[in-house]
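Colleague: predicted structure and sequence below. I'll ask about it afterward.
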Amino acid sequence: MKEEIFRAYDIRGNYPTEINEEMAYTIGQSYGSYLQEKYNLNTCVVSRDNRLSSEALCQSLVKGINSTGCNVIDYGLTTTPMNYYARYLNQMPGIMVTASHNPKDDNGFKFSFDKKMVNARGEMITDFKNYTLAGNFKKGDGKTEHQVILEKYIEYLKYSIKFGKRKRKVIFDCGNGITGMYARKIFNNFNIDFEIINEVSDGSFPNHHPDPAVPENMAQLQKEVKEKNADLGIAFDGDGDRIGVVMENGQLMTIEEFIILMIRDMFNNVTNKTFLYDIKCSKAVADEITKLGGKGICTRTGASFSQAKVQEDNLPFGAELSGHIYFRDRTNDCGSAIYAALRLLEILSKNSEKLSAMCQDMPHYFKMPELKIPTTEDKKPIVISNIKNYCVQNRYPIEEIDGIKINFTNGWALVRPSNTGPNLIFIAEAETEQGLTQLQNIFIPLINEYNK
């Protein structure tokens, strides 16, 4: 078992070279033992996405958990947010077999240890890794019970949504991921004129990779929105916890624009006017929160870290540039891309304005798309350290919340290690296009040099 598969907020790797059935059984043994020994719990929730390897991995995982005397409630095929809701309903921890937005040949496990819906992260995973590698597992005869959750989940989503009278036309792109199995049944409950593309569940993702944070993956949806004169298009990632949006003019709505729209909509209806965003987000988010009279919290990237912070500080809303959106203003802890889509459609159902027009008065800067630079796990800290030394030598002001963020008077640049794959992430933003080019010309060659 390679230690590298234990990442900052999940276990993830290539199937079958890093993640396979034997390893899944061992993880199950460790997880079942760990719950009993560390948390005095003997039952957990398990479900899986529709990746080609997920069913076999899930079966081995459950067998491993049962072999320790720990019981399993198996919900079969679900989105990741449905798995979270199952944990909440049963007030128990759980595991989701998924690699989220990673390539089709990857797989992994998102998991929690306590009765909250927030996944394990950071030192929690490091401790679990050490426990797993020690191999001192319990023996027992746990049982597995099979259940379904869709109907209860639909009621959960419906509870706090109140549509207006205007029926909007929307194209949903499920990317052949797990959301395609449930989107039609869910959206039929709401006042929406909708069509779905890439609805058929296919873990080989034949039409495009299900990651709406990558612009090329949105091209098909952009074309559909324009051709069918839809009010908008909404895309989901492979496991249903990240969203991407296309406006009526075929242009991509940035996640920062989505965040600002949501904060504007809820601002006067929440007591705590503090909102969370991750370090990759545009300065436009902070500007808007300040303008409204609220307070912003900038945090490190990572779904598990962000969601935990939103819950711990009892914040009404939090979001990440990747498209993870967390609502707590009406219902308790909803980190679902489908729910985020419903909240956007609810806003549009109460007015006749076009989505692009609603974004026109928002602050905008020149920002580049996230650049992934391939590297190796052992090189990541070396490159980050060298970038830090360079900045210190040049007396550039830096933040170390997540990697190295370099702040200038007219912009910023961020270099951070990816927590989901062997990549370095670079993003930059400036007040002018020329300023953005200057930041790119400084730091991209530096990263490539240190990455040799």
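Modeller: Received it, and whenever you're ready, just let me know what you need.

Colleague: could you use CA atoms for every contact and neighbour count after this?
Modeller: Noted.

Colleague: can you give me the helices in the protein?
Modeller: Counting by DSSP state H, one finds helices in the chain at the ranges 21-39, 54-66, 80-90, 123-134, 150-158, 183-187, 219-227, 255-266, 283-292, 303-312, 337-348, 355-358, 380-393, 433-450.

Colleague: export those as JSON lines, with columns for distance to K405, mean neighbour count and mean pLDDT.
Modeller: Supplementary listing: the helices of the chain in JSON lines, determined by distance: least, CA to CA, whole Å; neighbours: other CA atoms under 10 Å; pLDDT from 0 to 100:
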{"stretch": "helix 21-39", "distance to K405": "35", "mean neighbour count": "21", "mean pLDDT": "98"}
{"stretch": "helix 54-66", "distance to K405": "36", "mean neighbour count": "24", "mean pLDDT": "98"}
{"stretch": "helix 80-90", "distance to K405": "30", "mean neighbour count": "23", "mean pLDDT": "96"}
{"stretch": "helix 123-134", "distance to K405": "23", "mean neighbour count": "15", "mean pLDDT": "97"}
{"stretch": "helix 150-158", "distance to K405": "37", "mean neighbour count": "15", "mean pLDDT": "95"}
{"stretch": "helix 183-187", "distance to K405": "38", "mean neighbour count": "16", "mean pLDDT": "98"}
{"stretch": "helix 219-227", "distance to K405": "30", "mean neighbour count": "19", "mean pLDDT": "98"}
{"stretch": "helix 255-266", "distance to K405": "18", "mean neighbour count": "20", "mean pLDDT": "98"}
{"stretch": "helix 283-292", "distance to K405": "13", "mean neighbour count": "17", "mean pLDDT": "97"}
{"stretch": "helix 303-312", "distance to K405": "18", "mean neighbour count": "20", "mean pLDDT": "92"}
{"stretch": "helix 337-348", "distance to K405": "28", "mean neighbour count": "22", "mean pLDDT": "98"}
{"stretch": "helix 355-358", "distance to K405": "30", "mean neighbour count": "15", "mean pLDDT": "98"}
{"stretch": "helix 380-393", "distance to K405": "9", "mean neighbour count": "16", "mean pLDDT": "97"}
{"stretch": "helix 433-450", "distance to K405": "11", "mean neighbour count": "15", "mean pLDDT": "97"}
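
Colleague: and stretch 147-159, how far out from the chain middle?
Modeller: Centroid separation between stretch 147-159 and its chain, computed with CA atoms, centre = their mean, to the nearest Å, is 21 Å.

Colleague: and what of stretch 301-318?
Modeller: The gap between where stretch 301-318 is centred and where its chain is centred comes out at 12 Å by CA atoms, centre = their mean.

Colleague: that one: end-to-end distance?
Modeller: Start-to-end span of stretch 301-318 (CA to CA, to the nearest Å) is 12 Å.

Colleague: what of stretch 98-105?
Modeller: Taking CA to CA as the measure, stretch 98-105 stretches 11 Å from start to finish.

Colleague: coming back round to it: and V415, which of the helices of the chain is closest to it?
Modeller: Proximity of the helices of the chain to V415 was assessed by CA to CA; the nearest stretch is helix 380-393, lying at 7.1 Å.

Colleague: how far off helix 433-450 does the closest one point, in degrees?
Modeller: Between the direction of helix 380-393 and that of helix 433-450, the angle (axes from the mean of the first three to the mean of the last three CA atoms, to 10 degrees) works out to 130 degrees.

Colleague: put the alpha carbons of helix 380-393 into CSV.
Modeller: As requested, the backbone C-alpha atoms of helix 380-393 are provided in CSV (Å, rounded to 0.1, in the frame of the first residue of the first chain):
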residue,chain,number,x,y,z
LYS,A,380,5.7,19.4,-4.5
PRO,A,381,7.2,20.6,-1.2
ILE,A,382,10.6,21.4,-2.9
VAL,A,383,9.0,23.7,-5.5
ILE,A,384,6.8,25.4,-2.9
SER,A,385,9.9,26.0,-0.6
ASN,A,386,11.9,27.4,-3.5
ILE,A,387,9.1,29.8,-4.5
LYS,A,388,8.9,30.9,-0.9
ASN,A,389,12.6,31.6,-0.7
TYR,A,390,12.4,33.5,-4.0
CYS,A,391,9.6,35.7,-2.6
VAL,A,392,11.4,36.3,0.7
GLN,A,393,14.6,37.3,-1.1
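
Colleague: about what we covered before: turn the helices of the chain into JSON lines, columns for distance to K273.
Modeller: Written out in JSON lines, the entries for these read as follows (distance: least, CA to CA, whole Å):
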{"stretch": "helix 21-39", "distance to K273": "34"}
{"stretch": "helix 54-66", "distance to K273": "40"}
{"stretch": "helix 80-90", "distance to K273": "25"}
{"stretch": "helix 123-134", "distance to K273": "30"}
{"stretch": "helix 150-158", "distance to K273": "24"}
{"stretch": "helix 183-187", "distance to K273": "30"}
{"stretch": "helix 219-227", "distance to K273": "34"}
{"stretch": "helix 255-266", "distance to K273": "9"}
{"stretch": "helix 283-292", "distance to K273": "9"}
{"stretch": "helix 303-312", "distance to K273": "12"}
{"stretch": "helix 337-348", "distance to K273": "18"}
{"stretch": "helix 355-358", "distance to K273": "21"}
{"stretch": "helix 380-393", "distance to K273": "34"}
{"stretch": "helix 433-450", "distance to K273": "32"}
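
Colleague: out of the ones you listed, nearest to S47?
Modeller: Across these, S47 has its closest neighbour in helix 80-90 (6.4 Å, CA to CA).

Colleague: so which other helices or strands are in contact with the closest one?
Modeller: strand 43-48, strand 94-97, helix 150-158 (3 or more CA pairs under 8 Å, 6 or more residues apart in numbering; DSSP states H and E).

Colleague: for the ones you listed, which one sits closest to T432?
Modeller: Closest of those to T432 is helix 150-158, at 41.4 Å (criterion: CA to CA).

Colleague: who touches that closest one?
Modeller: Residues external to helix 150-158 that are found in contact with it (CA atoms under 8 Å, 6 or more residues apart in numbering): 82, 85, 182, 186, 189, 339.
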